[in-house]
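In: Give me coordinates for this.
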Amino acid sequence: MVSLSQLTENEVFMAFASYTTIVLSKMMFMSTATAFYRLTRKVFANPEDCAGFGKGENAKKYLRTDDRVERVRRAHLNDLENIVPFLGIGLLYSLSGPDLSTAILHFRLFVGARIYHTIAYLTPLPQPNRALAFFIGYGVTFSMAYRLLKSSLYL
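Out: Below is the predicted model:
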C-alpha cells in the first residue's frame, strides 16, 4: 500500500494533482457561469426555480430556453464528458511511472485544450477552433490510455 507521503514525493502525481486542480476549478466555474446566465437572463428550467419572479401563469414565462444559457450549459456538459475520463486515466497514468516531462506535456496540453475549448465555445470562435481543442484534449487522454495499456497493465 502506498502512503500519502510517498504520493507527495512522486513528481508526476503532484503534477497531475496540480493540473487536475486547475481543470476542476475551470469546470466549477462553468456551473457558476450557467447559474449567472440563468439568473441575469431570467431563464429557468424548473418551475420552482422561477417562483421568486411570479406565481402561476406569470412564472411560466420564465420557463424557457435562451441561446446564451444553452451555450454555457453545453460547454459545461462537454467538460463533464472530457474531464472525468482524464481524471481516471490520468490518475492511473501518473501512478504508472511515466517520464516526468512526457507526463507534464500530456497534462499541460489537456488543460490548455480545455481552457481554449471553453473560450472557443463561449466567445464563440468559428470552427474548427472548438473541434481542434476538443480533439487535442481527447487525443491526450487517449495517448495516456494507450501508454498505460502498453506499458503497465496486464492484458
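In: contacts and neighbour counts: CA atoms only from here.
Out: Will do.
In: Just to check, Asn46 is in contact with Leu63?
Out: Yes - the pair Asn46 / Leu63 is scored as a contact, 6.7 Å apart, by C-alpha atoms under 8 Å.
In: Give me the most central residue, the chain.
Out: The centre of the chain sits closest to Asp79, judged by C-alpha atoms, centre = their mean, with a distance of 3.2 Å.
In: Okay, now the unreliable bits of this protein?
Out: Within the chain, the set of residues satisfying pLDDT under 70 comprises 1-7, 54, 56, 153-155.
In: What residues of the helix of greatest length in the chain count as buried?
Out: Using DSSP state H to define each element, the chain has its longest helix at helix 11-41. For helix 11-41, burial by neighbour count (16 or more other C-alpha atoms under 10 Å) applies to 11-13, 15-17, 19-20, 23-24, 26-27, 30, 33-35, 37-38.
In: Next: stretch 143-155.
Out: So stretch 143-155, judged by 16+ other C-alpha under 10 Å, has buried residues 144-145, 148.
In: Okay, and which of these map to helices?
Out: Among the buried residues of stretch 143-155, the members found in helices (DSSP H) are 144-145, 148.
In: So which of those residues is the closest to Phe134?
Out: Using C-alpha to C-alpha, Met144 is the member of those that lies nearest Phe134, at 15.7 Å.
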